[in-house]
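based on what follows, work out the 3D shape:
(chains A and B)
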There are 2 protein chains.
Amino acid sequence: MTWLESAVDSPYGIHHLPYGVFSTTDNPARRLGVRVGDQVLDLKLVVTSGTCANCETCTALSSSTLNDFMALGPEVWSKVRTQLQDALTDETLAEPMSRMLTPVADVTTHLPFTPADYVDFYSSEHHATNLGRLFRPDGDALMPNWKHLPVGYHGRSGSLVPSGTDIVRPQGQRRTPDGEIVFGASARLDIEAEVGFVVGVGSQLGTRVATGDFTDHVFGVTLVNDWSARDIQNWEYQPLGPFLGKSFATSIATWVTPLDALAASRVPAPEQDPAVLPYLVEPDRYAYDLTLSVEWNGTKVSSPPFAGVYWTPAQQLAHMTVNGASLRTGDFFASGTVSGPEKDQRGSFLELSWSGAEPVKLDDGSTRDFLEDGDTVTISATAPGPRGTTIGLGEVTGTIRPAN
Amino acid sequence: MTWLESAVDSPYGIHHLPYGVFSTTDNPARRLGVRVGDQVLDLKLVVTSGTCANCETCTALSSSTLNDFMALGPEVWSKVRTQLQDALTDETLAEPMSRMLTPVADVTTHLPFTPADYVDFYSSEHHATNLGRLFRPDGDALMPNWKHLPVGYHGRSGSLVPSGTDIVRPQGQRRTPDGEIVFGASARLDIEAEVGFVVGVGSQLGTRVATGDFTDHVFGVTLVNDWSARDIQNWEYQPLGPFLGKSFATSIATWVTPLDALAASRVPAPEQDPAVLPYLVEPDRYAYDLTLSVEWNGTKVSSPPFAGVYWTPAQQLAHMTVNGASLRTGDFFASGTVSGPEKDQRGSFLELSWSGAEPVKLDDGSTRDFLEDGDTVTISATAPGPRGTTIGLGEVTGTIRPAN
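As a prediction, this is how the structure comes out:
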């Protein structure tokens, strides 16, 4: 039992301990922190308090970004996690460690890591089927390759922004239904509720990472809102894929849940038919049982179930490197929109409003198809923790500002 | 006239002065250099020799990557360039500066900058038309959007490698002509001869860069070989674009030619019809008159003309940011394959061999459609310099190694 009262029975209890980068009004320097209960534990203070010798781990924990710590690998990650859990349950440390805590309400959080490459997958069968029906009503909903490989593409890592960043409505080209090419602010601004994975331990160019080595490379999980301008995307995306329809901003949650914290949330992943090629076979195939929640101006409009996603993150990692592409610390890859089989499990507004044909009702009585200026979207998630506990993933939120 | 004999009448004369990062056997530390004649001038030695006061520019020139210098902007770039030209023509400096030179044959060059995001365009009309005919023989060669916007996508910046790096043949999925899904080494490994532009001065998220501000942001030019596995690409690329067919390696030349050096190579760019949207209109539309050369195992097989490319780099930059995407120092964007109207001006082997139907003859009597293990490809380019001089862009070369 922890000595920190607010961490007892909390989705941010000592079974969770997500990492982030924070600053305070008093001390604007960015430093690593761990969220526990309603507090943030300052890891730099933990290191400099003298309980830690001058080692590589201490240096990494004194950094202004998670990258150095993430690069140290799973043994160090587990060791530090255990040490933190021990300290937070050691009553004799309650008094000195309390001085290293700041209420989460009083901190500013930042991008938790410096992103290297960003890859976005397309791994929910329900989402891909819905989009196929909407974009290609006369063809097969799923492309012929979809069940053979986790389709993905590179996004813009430079426009990854931390939760809370305002999103300026993008401008661009679109083609009107009568074929005119016009320029202006996107009229079909959408969200994509996704789950992202960040790489800690890199790999060499020309080698590949096996599905079974997933936890040797991936540090943790964070929620993603991959804002999407559907009208820009629809006009530009043939034949090289989405570009400006996505690259104006991708928001990520600022607390990274370590994979270790999600050990109790492993559940069987969907069976795959047809059988996948050997490099995509998993020695121990599992999904993470996260249930997402999408709130639109405070109204909960969807609960996408991550466990039902067809391609697992281990398969995504193996696929991404099977051609010899290297991994770097800070590489980030996201699931693509998570949608379940039910209407209230769809992870984009394009799907929820069926491209505007079935507007979404909000609690204030208004209706929506796509995002209006001033709208706020917040994505959160819960997962089962050990011994009946619950884990609450850091939320990702953003508010739409008018086009410049 | 320069006091350095090898720089007189050289494509690396003082009218050129490309920047790079090099090391030597004696001193393995990476440092900035300028290539002049058959020598490399060590910029760190220039700085520490005391002729330079301790300023931001000196710090940047003492770095191990070009990023810090590139971030300083066009006024500083021009000033340093002029100072180097003055020093290289000042006879009184010949003796002390000669001690800062190393023969280019004795240095190892590295990636000249730390890449941020990498974007690859598709801006040669002849290339896009050829690929359309090959990939979609029953449809229009150009997609409806092609003449309205510079089509592009994000590539993997983590697999940008310096010229000279061996390229391991990638493995992956492909679909055989009779519809079977198989795994193995790519059997259709190709090149793409391209011209790349590196961003020095970044921009804020939510703002855009006008076509007329191109030279305020872009530092210089370097040749690119965007290695492509056509069989992997062909199976994976619908609907989100190329991914593993490209992400195993992209080679770039290690000498970056500053835009200032190419002032005399500006020529009119192709006229555009239909008219482009206002944000793509250029106050001063021009192309750079680079003529590329592609050598396959020593046989020159193509001379792609860059001046004929439909979309200019200034239009690419404006398009890339029109949605509010930010720029970072080290952002790199490439033209896409440069192909001219003639057969011996095609910038990929897919086009040169017309997908294998018209094999390419090499000087040793052998023929090729795609790359074999052990093959070496070298791309170089020349451009007109001032007063009848010639500029030789740093070459990009690579040799294919067997799949692991």
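
please make it C-alpha for all contacts and neighbour counts, starting now.
Fine.

hey, where'd the helices end up in chain A?
The residue ranges that make up the helices of chain A, judged by DSSP state H, are A:43-46, A:56-61, A:67-70, A:74-89, A:94-98, A:125-135, A:214-217, A:230-236, A:313-321, A:349-352.

and the fourth one, which residues are buried?
Of the residues in helix A:74-89, those with enough neighbours to count as buried (16 or more other CA atoms under 10 Å in any protein chain shown) are A:Pro74, A:Trp77, A:Arg81, A:Leu84, A:Gln85, A:Ala87, A:Leu88, A:Thr89.

gap between the residue lying closest to the last one once chain neighbours are set aside and A:Ala263?
Leaving aside its sequence neighbours, A:Thr89 sits nearest to A:Thr2 (CA to CA, 6 or more residues apart in numbering or on different chains; 4.1 Å). When distance is defined by CA to CA, to the nearest Å, A:Thr2 is 20 Å away from A:Ala263.

show me which of the two is the more surrounded one.
Between A:Thr2 and A:Ala263, A:Thr2 has the larger neighbour count (other CA atoms under 10 Å in any protein chain shown), namely 17 against 13.

wait, that one touches A:Ser10, no?
No. Under the criterion of CA atoms under 8 Å, A:Thr2 lies out of contact with A:Ser10, with a separation of 11.1 Å.

follow-up on the earlier one: widest-spaced pair of the buried residues of helix A:74-89?
Comparing all pairs in these by CA to CA, the longest separation belongs to A:Pro74 and A:Thr89, at 22.6 Å.

circling back to that earlier point, could you dump the helices of chain A to TSV with mean pLDDT?
As requested, those are arranged in TSV below (pLDDT from 0 to 100):
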stretch	mean pLDDT
helix A:43-46	94
helix A:56-61	91
helix A:67-70	98
helix A:74-89	96
helix A:94-98	96
helix A:125-135	93
helix A:214-217	98
helix A:230-236	97
helix A:313-321	98
helix A:349-352	98
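
looking at those helices, which is closest to A:Val151?
Taking CA to CA, helix A:313-321 is the member of those nearest to A:Val151, at 8.7 Å.

how far does that closest one sit from its chain's centre?
On the basis of CA atoms, centre = their mean, to the nearest Å, helix A:313-321 is displaced by 16 Å from the centre of the chain it belongs to.

swap in stretch A:333-346?
Here stretch A:333-346 is found 13 Å from its chain centre; the criterion is CA atoms, centre = their mean.

can you give me the strands in the stretch 251-400 of chain A?
A:257-258, A:266-267, A:287-288, A:291-296, A:299-302, A:332-334, A:360-361, A:367-368, A:376-384, A:390-401 (DSSP state E, counting those that start in this stretch).

now, of these, which is deepest in the fold?
Highest mean neighbour count among the strands of the stretch 251-400 of chain A (mean count of other CA atoms under 10 Å in any protein chain shown): strand A:332-334, with a mean of 26.

and for that strand, what's in contact with it?
Under the contact criterion CA atoms under 8 Å, 6 or more residues apart in numbering or on different chains, strand A:332-334 has outside partners A:115-121, A:194-199, A:224.

direction included, what does it pair up with?
As defined by DSSP bridges, the strand partners of strand A:332-334 come to strand A:118-121 (parallel), strand A:193-199 (antiparallel).

what's the average pLDDT for it?
Strand A:332-334 shows a mean pLDDT of 98.

rewinding a little: closest to chain B among the contacts of strand A:332-334?
Minimum separation from chain B among the contacts of strand A:332-334 (CA to the nearest CA) is found for A:Asp117, which lies at 6.4 Å.

the closest one is in contact with A:Ser326, isn't it?
No. When contacts are counted by CA under 8 Å, A:Asp117 is not listed as touching A:Ser326 (10.3 Å).

find residues that contact each of those two.
With CA under 8 Å, 6+ apart as the test, A:Asp117 and A:Ser326 both reach B:Gly158.

now render the strands of the stretch 251-400 of chain A as a markdown table, adding distance to B:Leu393.
Putting those into a markdown table (distance: least, CA to CA, whole Å) gives the following:
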| stretch | distance to B:Leu393 |
| --- | --- |
| strand A:257-258 | 47 |
| strand A:266-267 | 54 |
| strand A:287-288 | 50 |
| strand A:291-296 | 52 |
| strand A:299-302 | 55 |
| strand A:332-334 | 34 |
| strand A:360-361 | 57 |
| strand A:367-368 | 54 |
| strand A:376-384 | 49 |
| strand A:390-401 | 44 |
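
of the ones you listed, which approaches B:Arg35 most closely?
Each of those was checked against B:Arg35 via CA to CA, and the shortest separation belongs to strand A:332-334, namely 36.7 Å.

return the residues of the stretch 1-150 of chain A in contact with chain B.
Counting by CA under 8 Å from any CA of the partner chain, the stretch 1-150 of chain A comes close to chain B at A:Ala116, A:Asp117, A:Met143, A:Asn145, A:Leu149.

ok, 10 Å please
Within the stretch 1-150 of chain A, the positions adjacent to chain B are A:115-122, A:132, A:142-146, A:148-150 by CA under 10 Å from any CA of the partner chain.

can you flag the buried ones in those?
A:115-122, A:132, A:142, A:145-146, A:148-150.

in the least confident helix or strand in chain A by mean pLDDT, what counts as buried?
When the helices and strands of chain A are scored by mean pLDDT, DSSP states H and E, helix A:56-61 comes last with a mean of 91. For helix A:56-61, a neighbour-count test (16+ other CA under 10 Å) marks A:Thr57, A:Cys58, A:Ala60, A:Leu61 as buried.

quick one: which of those residues is nearest B:Ala229?
Within the buried residues of helix A:56-61, distances to B:Ala229 taken as CA to CA reach their minimum at A:Ala60, with 38.7 Å.

ok, that closest one to A:Leu41 distance?
Look at A:Ala60 and A:Leu41: by CA to CA, they are 16 Å apart.

swap in A:Gly20?
Separation of A:Gly20 from A:Leu41 (CA to CA) stands at 10 Å.

so those two - more neighbours on which side?
A direct count of neighbours by other CA under 10 Å for A:Gly20 and A:Leu41 places A:Gly20 higher, at 28 against 24.

check the more buried one and give its pLDDT.
For A:Gly20, the model assigns a pLDDT of 98.

ok, it - contacts?
Residues touching A:Gly20, when contacts are defined by CA atoms under 10 Å, 6 or more residues apart in numbering or on different chains, comprise A:30-35, A:40, A:42-43, A:64-66, A:109-113, A:253-257, A:394.
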